[in-house]
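Sequence and predicted structure are below.
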Amino acid sequence: MKPTYVVIGGGISGLAAAYQLCRRGHKVLLAESSTRFGGWIQSIPLGDGIVYETGPRTLRPTGESGRSTLLLLDELDMTGSAIAVPRTAKAARRRLVCIDNHLYPIKTGLSAFFFPHAPFYVPLLSVILKDLSTSRKACDDESLYDFTYRRFGKRIADNGIDPLCRGVTGGDAREISVKAIFRPLFEAEQNYGTVFGGMLRKVKLPEVDIKFSPHGTEHVDSTSPSVIRSRKEHWAVWSVNGGLQMLVEGLLRSLRSHQAELYLGTPCQRLEFRDGVAKVDLGRTTIQTRHVFSAVPAPALAGLLGEEHYVLKQLLNTIQSVDMGVVNLEYEGKVLKREAFGYLVPSHQGGRALGTVFDTCAFPQKNSTILTVMLGGRWFQSVFGDDPSSDDLLEAAKEEVELRLGIKVPPKRYHVSLHRGCIPQHTVGHYERLVGMRDYIRDHCLPLTIIGASYDGISVNDCIHHSRKAVNELNLV
Ligand SMILES: Cc1cc2nc3c(=O)[nH]c(=O)nc-3n(C[C@H](O)[C@H](O)[C@H](O)COP(=O)(O)OP(=O)(O)OC[C@H]3O[C@@H](n4cnc5c(N)ncnc54)[C@H](O)[C@@H]3O)c2cc1C
Ligand SMILES: C=Cc1c2[nH]c(c1C)Cc1[nH]c(c(CCC(=O)O)c1C)Cc1[nH]c(c(C)c1CCC(=O)O)Cc1[nH]c(c(C)c1C=C)C2
């Protein structure tokens, strides 16, 4: 009889790992502490066909991990359920930055190249020249802000990179590792001296793509119908009909058909390792397994380990996450003056919002306009205190859309979420600490694999890709 492998955490990372284990013919037990699967992926259907996303909403089709998710969609027989925004659509292309309550599109055309425009106020040509004339600083890592300030100048760092970082990590570019967002740019400087020079050489040498890849080169099948479709139709971003939760449902269907044991309301309470066997304490029962996949946030895993693993616990506890208020606002008819993906607010503008997504520009829903205001992030405590109410968050979101978008009418419906610790912060030195964690696990022969947004990337694509890769790379019996 085959041994049962245990996965703890039923977010997308845990589900993807369990799915891959099942595909490889293994028996799986998946334990999730909450009352639902999906983790931060949560789509709320309102009954009349309208769906709100309270977590992720768009996926990129490109890159190794982007193609992994498309391949998964095909494997789940869900090829037809993808909904996509082409690169030519304003809802994908136009990303706005808010400065002094004005919304400026980030221009990349010829005029932006030669003439200064808000929000950068410098021609892009001078940004390139600054990079080409700045000498290399050899280092293992640097903050995203310091890197871009040094190579591209203050305006790009303050009005481009700082808001971009808020719009991806909810965090502060002065703390986030450049490798978390711009690893190819960082490596271009380290390997070739300048970013633009390095990127040009990368274009000429296809194998450099492999070198830049932070996590190896697993082949993803490019004959996948969804990958082919995404290229033919020039997808910029995509989602799933009915919301990203449908991807979770697809994985669950497959897991059930493989007789995986799926437990909700079952927190792992302790993890012990002895003689190459893991003891997983699930409260009601304790399971012994040859290998456990931890897909819970890093500090949650630290809390499960005994003091004998003090060094690993300390490393895991360095990966802290930020809190976010997410407020979905729905209006009757069209209330936006222009189509766009949404806007971001640089940190130097202060305020409580990180930015707002114009959901229905990308994916129209009936006659409604749906906006999602993202609040707080790294600044959550300082702007909302310890314990804001849903009303506080709703008021902050309504004030935000009135101030920046001129929307004075009350929303027809809304949904408020307070996501505690929702986005892990990959701060300067993260990837070196990650090596330390994996070395510890290997050197102590722990039958443990760490997967999830805390480690190798926060996007849904990265979570899926690295979970499946982790299963493939292990020599399981
Ligand atoms: C508001 C928001 C917007 C986002 N937007 C995007 C986007 O547009 N595109 C994109 O690609 N990504 C986006 N992301 C990021 C992405 O959604 C997450 O990084 C990803 O879903 C994390 O998945 P995970 O499975 O690694 O972790 P989680 O979703 O955190 O799952 C971990 C699971 O472990 C469970 N757990 C915790 N402790 C225990 C325990 N002791 N025992 C058992 N179970 C336990 C938790 O309940 C949870 O279900 C967004 C995230 C947020 C919060
Ligand atoms: C305003 C805050 C946030 C918005 N989305 C997120 C936050 C914190 C979370 C988030 N968004 C994306 C990812 C995945 C990153 C990835 O590597 O794919 C996460 C964790 C997608 C994303 N959002 C923006 C960009 C540039 C990306 C990368 C993929 C893509 O190009 O689409 C920018 C952005 N985020 C938000 C807005 C309003 C916005 C731009 C206007 C909301």
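Received, thanks. Ligands and ions are numbered 1, 2, ... in the order given.

Now do the contacts for residue 18.
Counting by CB atoms under 8 Å, 6 or more residues apart in numbering, residue 18 makes contact with 7, 28, 30, 251, 255, 260, 293. In short, each C-beta sits where N, CA and C put it, glycine included.

which pair in those spans the largest distance?
Spanning the widest gap among those are 251 and 293, at 14.5 Å by CB to CB.

Check which residues of stretch 332-339 are buried.
335, 336, 339 (16 or more other CB atoms under 10 Å).

Of the contacts of residue 18, which is the most crowded?
Most neighbours among these, by other CB atoms under 10 Å: residue 7, with 35 neighbours.

How confident was the prediction at that residue?
The score at residue 7 is 98. That number is its pLDDT.

What of residue 205?
43.

Backbone dihedrals for residue 271, both of them.
Dihedral angles of residue 271 (phi, psi; degrees, to the nearest 10) stand at phi -130, psi 120.

Kindly report the same for residue 273.
The phi/psi pair for residue 273 (degrees, to the nearest 10) reads phi -130, psi 130.

Work out for me the element the residue nearest to it when sequence neighbours are not counted sits within.
Distances taken as CB to CB, 6 or more residues apart in numbering put residue 446 closest to residue 273, at 5.0 Å, once the chain neighbours are dropped. Under the criterion of DSSP states H and E, residue 446 resides outside all helices and strands.

Please look at residue 446 and residue 272 and confirm they touch.
No: with contact defined as CB atoms under 8 Å, residue 446 does not count as touching residue 272 (10.2 Å).

what is in contact with these two at once?
residue 278.

neighbour-wise, which of these two wins?
Higher neighbour count among residue 446 and residue 272: residue 446, with 19 against 16, using other CB under 10 Å.

Can you name the residue of the stretch 151-300 of the chain nearest ligand 2?
Closest approach between the stretch 151-300 of the chain and ligand 2, counting by CB to the nearest ligand atom: residue 167, at 3.1 Å.

Tell me where the stretch 201-350 of the chain has strands.
Taking DSSP state E, counting those that start in this stretch, the strands of the stretch 201-350 of the chain run over residues 235-240, 261-263, 270-274, 277-281, 286-289, 292-294, 321-332, 342-344.

In TSV, list the ones you listed along with mean pLDDT and distance to residue 157.
TSV is the format used below for the strands of the stretch 201-350 of the chain (pLDDT from 0 to 100; distance: least, CB to CB, whole Å):
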stretch	mean pLDDT	distance to residue 157
strand 235-240	97	25
strand 261-263	97	46
strand 270-274	97	42
strand 277-281	97	45
strand 286-289	96	47
strand 292-294	98	36
strand 321-332	98	20
strand 342-344	98	14
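
looking at these, which is buried most?
The highest mean neighbour count among those, using mean count of other CB atoms under 10 Å, belongs to strand 292-294: a mean of 27.

SS state for residue 181?
Look at residue 181: counting by DSSP: H, G, I helix; E, B strand; the rest coil, its state is helix.

How about it: what's its closest non-neighbour residue?
Residue 181 sits nearest to residue 144 (CB to CB, 6+ apart), 5.6 Å away.

Give me the distance between the helix or strand containing residue 356 and the centre of its chain.
For residue 356, the element it lies in under DSSP H and E is strand 353-358. Mean-position distance between strand 353-358 and its chain equals 16 Å (CA atoms, centre = their mean, to the nearest Å).

next one: stretch 84-103
The answer for stretch 84-103 is 19 Å, by CA atoms, centre = their mean.

secondary structure class for residue 449?
The three-state assignment at residue 449 reads strand, by three-state DSSP.

count of residues packed around it?
Residue 449 - counted by other CB under 10 Å - has 20 other residues nearby.

who touches it in this structure?
Shown in contact with residue 449 (CB under 8 Å, 6+ apart): 17, 291, 292, 293, 294, 441, 470, 471, 474.

what's near enough to touch the third one?
By that I understand residue 292. Residue 292 is in contact with 5, 6, 7, 8, 271, 278, 280, 447, 448, 449, counting by CB under 8 Å, 6+ apart.

gap between it and residue 275?
The spacing between residue 292 and residue 275, counted by CB to CB, to the nearest Å, is 15 Å.

How many residues are close by residue 264?
13.

which ones are touching it?
Counting by CB under 8 Å, 6+ apart, residue 264 makes contact with 10, 32, 34, 35, 36, 37.

farthest pair in those residues?
Across those, no pair lies farther apart than 10 and 35, at 10.3 Å, counting by CB to CB.

Neighbour count: those two, which is higher?
Higher neighbour count among residue 10 and residue 35: residue 10, with 28 against 7, using other CB under 10 Å.

Tell me, how many residues neighbour the nearest residue to the more buried one once chain neighbours are set aside?
For residue 10, ignoring the flanking residues on the chain, the nearest one in space by CB to CB, 6+ apart is residue 32 at 3.0 Å. Number of residues near residue 32 (other CB under 10 Å) recorded here: 25.

Which positions in the stretch 201-350 of the chain make contact with ligand 2?
With the criterion set to CB under 6 Å from any ligand atom, the stretch 201-350 of the chain comes near ligand 2 through 237, 341, 342, 343, 344.

which of those lies closest to ligand 2?
Of all those, ligand 2 sits closest to residue 342, with 3.1 Å by CB to the nearest ligand atom.

what sits against the spatially closest residue to the closest one that is not a sequence neighbour?
Of all residues not flanking residue 342 in the chain, residue 357 sits nearest, at 4.1 Å (CB to CB, 6+ apart). By CB under 8 Å, 6+ apart, the residues touching residue 357 are 57, 341, 342, 371, 372, 374.

name the element residue 441 belongs to?
Per DSSP H and E: helix 430-443 holds residue 441.

Only the buried residues of that helix, if you could.
Neighbour-count burial for helix 430-443 flags 430, 431, 433, 434, 436, 437, 440, 441 (criterion: 16+ other CB under 10 Å).

same thing with stretch 462-477?
So for stretch 462-477, counting by 16+ other CB under 10 Å, buried means 462, 463, 464, 465, 466, 467, 468, 469, 470, 471.

Likewise for stretch 94-110?
By 16+ other CB under 10 Å, the buried positions in stretch 94-110 come out as 94, 95, 96, 97, 98, 99, 103, 104, 105, 106, 107.

Which residue in those residues has the weakest pLDDT?
For those, the pLDDT minimum is residue 107, 80.

Hmm, it is touching residue 118, no?
No: in this structure, residue 107 is not within contact of residue 118 by CB under 8 Å, at 9.1 Å.

Write out the residues of the stretch 51-200 of the chain neighbouring ligand 2.
Residues of the stretch 51-200 of the chain lying close to ligand 2 by CB under 6 Å from any ligand atom are 58, 60, 95, 164, 166, 167, 168, 170.

would you list the residues you listed in TSV and tack on distance to residue 382 and secondary structure?
Below are those laid out as TSV (distance: CB to CB, whole Å; DSSP: H, G, I helix; E, B strand; the rest coil):
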residue	distance to residue 382	secondary structure
58	28	coil
60	31	coil
95	26	strand
164	21	helix
166	14	helix
167	19	helix
168	20	helix
170	14	coil
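
In PyMOL, select just the buried ones from the residues you listed.
Here is the PyMOL command that selects the buried residues among these (16+ other CB under 10 Å):
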select buried, resi 58+60+95+164+166+167+168+170
